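1. sequence first, predicted coordinates after that:
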Amino acid sequence: MDELFDLPPAEIHPSEPGRGRPRLQRPRREQITLRPSDLESLLPPEHRARLVWAFVEGLDLAAFHARIRAVEGHSGRPPIDPAILVSLWLYATLEGVGSARALDRLCEEHDAYRWICGGVGVNYHTLADFRAANADLLDGLLAQSVAALLATGEATLARVAHDGVRVRASAGAGSYRGRRGLGRALEDATAQVTALRDELDDDPSATSRRTAAARERAAAEREARVRAALEALPDLEAAKARARARGGKGRPVSEARASTTDPEARVMRMGDGGYRPAYNGQLTTDVGSGLVCGVAVTNRGSDQGELGPALDRLERAFGRRPAEVLADGGYVSLAEIETLEACGTSVYAPPMTGRARSDDRPPRHPDSPTVAAWRDRMTTADGQLLYRLRAAVAEWVNALARNRGLQQYRVRGLERVRSVLLWFALAHNLDRTLAIRAGAPG
């Protein structure tokens, strides 16, 4: 019988005697398929991306809207809704995604990110700028996330735990230079910027305009970083001089150096005992709810002097000071303990252990009544039991941030680093809010 269409020749597959030819499902990638679907049907009702969007919709984003210059009745391309960008970065942080390029790719390939975008196109440059350039606005969002639970009594800020988290900076140890090295680097960077500008002026067709502009911009940014490193050098030299005066003649002190990659990064001792360029993040957590209620970033390797400013930030943001604060021994400063106790905050921190002193020799500086009461409090069973809550709260928050990708900052500068740390705090508060509202244990 004649066939309407020519059939392909039958494929002959060898088979064992007495056994039929195997029947296989082969890929047919040229087949055209129609899959009618909408973005709303891609995710189940309880998907985490929907929870993130609902959380963001409950936030007041008026401060983000105030910076938008494209308004009704005037020309200008409408920007991406800040709710989309906030939701993307919160969901990405919860999923351990910290790269703008990776997030850009996921917005094209992953259903959850496509659902958040809702058909709005994003690119990695917009994502990267939004993540690192809104520290002041993110501070406001963090306060909102805490205030929502303060209003319902699910958080109280009566007792807080404070701890630091040192994270590797985006700078290598080899990028640090002394005064002479920075001077040579500045000369090289300035000469490179001048050469690129001259090349563009003499022969505009030598390279494409976009490539030439990108090269000139990169060279100018490097020149600016070297200048910033030179400007930071006097303060570093003064600190070295103080260290030299304290150490005496027998203790050598190295030359003050600054990084040409990230002038604000400082070499500090890390948790593993090694020394690397890093930033020292400061996180304040409400013990009862587990919410992060305060974030700061310093480039000091020491934690002393950071406890008072942390509690001042809470008072400015929420109008209340905690009655108790838990901190480790690195924050102990007798003067700060007296100041905090005078403001009504009891400090729970272990006294720093020093050289043993014989009982018959009086102390060089007798303790004030406030400091003596603090020492006595930390020797009681109740005081030690209460102090154990610090590790269960503060170090738990730090560990969750590490698990979500807080291993090294990919941005440079104190303000940009603070923005990234605020995203981790916001993601943590989102997770805690959902758990508290669902009645889950901490």
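-> Good, I have the coordinates. Since the model is a prediction, treat every value here as computed from it, not as a measurement.
2. now do the helices in the stretch 301-442 of the chain.
-> Using DSSP state H, counting those that start in this stretch, the helices of the stretch 301-442 of the chain run over 307-318, 334-342, 369-379, 381-387, 389-390, 396-403, 414-438.
3. the stretch 1-150 of the chain now?
-> 48-57, 62-66, 82-94, 100-109, 111-117, 124-132, 135-152.
4. which residues are contacting stretch 125-136?
-> The contact list for stretch 125-136 (Cβ atoms under 8 Å, 6 or more residues apart in numbering) reads 64, 80, 82, 85, 88-89, 100, 103-104, 411, 415-416, 418-420, 422-423. Quick note: C-beta positions are derived from backbone N, CA and C, even for glycine.
5. got a ChimeraX select line for the buried ones in the residues you listed?
-> A single ChimeraX command selects the buried members of the contacts of stretch 125-136 (16 or more other Cβ atoms under 10 Å):
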select :64,80,82,85,88,89,100,103,104,411,416,418,419,420,422,423
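6. so the residue nearest to residue 421 when sequence neighbours are not counted is in which element?
-> In this structure, residue 421 finds its nearest non-sequential neighbour in residue 281, 4.9 Å apart by Cβ to Cβ, 6 or more residues apart in numbering. Secondary-structure assignment from DSSP states H and E places residue 281 in strand 275-286.
7. strand partners (parallel or antiparallel) of that strand?
-> strand 159-168 (antiparallel), strand 266-269 (antiparallel), strand 292-298 (antiparallel) (DSSP bridges).
8. mind listing what's buried in it?
-> Result for strand 275-286 [16+ other Cβ under 10 Å]: buried residues 276-286.
9. any weak-confidence spans in the stretch 301-442 of the chain?
-> 353-365, 440-442 (pLDDT under 70).
10. counting residues, which helix of the chain comes out longest?
-> helix 209-247 (DSSP state H).
11. downstream of that helix, the next helix or strand is which one?
-> Note on helix 209-247: by DSSP H and E, the next helix or strand toward the C-terminus is strand 258-259.
12. so for that next one, mean pLDDT?
-> Averaging pLDDT along strand 258-259 yields 84.
13. report all helices and strands that it contacts.
-> strand 176-177, helix 209-247 (3 or more Cβ pairs under 8 Å, 6 or more residues apart in numbering; DSSP states H and E).
14. what's the first one packed up against?
-> Think strand 176-177. Going by 3+ Cβ pairs under 8 Å, 6+ apart, strand 176-177 lies up against strand 258-259.
15. got a list of contacts for the strand it packs on?
-> 169, 171, 175-177, 182, 229-230, 232-233, 236, 265, 277.
16. pairing partners for it, with directions?
-> Counting by DSSP bridges, strand 258-259 is paired with strand 176-177 (antiparallel).
17. next one: the partner strand to chain centre, how far?
-> Distance of strand 176-177 from its chain centroid, counting by Cα atoms, centre = their mean, to the nearest Å, is 25 Å.
18. re the thing from before, which of the helices of the stretch 1-150 of the chain sits most buried?
-> Most buried of the helices of the stretch 1-150 of the chain, by mean neighbour count (mean count of other Cβ atoms under 10 Å): helix 82-94, with a mean of 23.
19. just the CA trace of that one, in CSV.
-> Coordinates of each C-alpha in helix 82-94 appear next as CSV, following Å, rounded to 0.1, in the frame of the first residue of the first chain:
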residue,chain,number,x,y,z
PRO,A,82,12.0,48.6,44.1
ALA,A,83,9.8,45.8,45.5
ILE,A,84,11.0,43.5,42.8
LEU,A,85,14.7,44.2,43.5
VAL,A,86,14.3,43.9,47.2
SER,A,87,12.4,40.6,46.8
LEU,A,88,15.1,39.3,44.4
TRP,A,89,18.0,40.0,46.8
LEU,A,90,16.1,38.7,49.9
TYR,A,91,15.2,35.5,48.2
ALA,A,92,18.7,35.2,46.7
THR,A,93,20.3,35.7,50.1
LEU,A,94,18.1,33.1,51.7
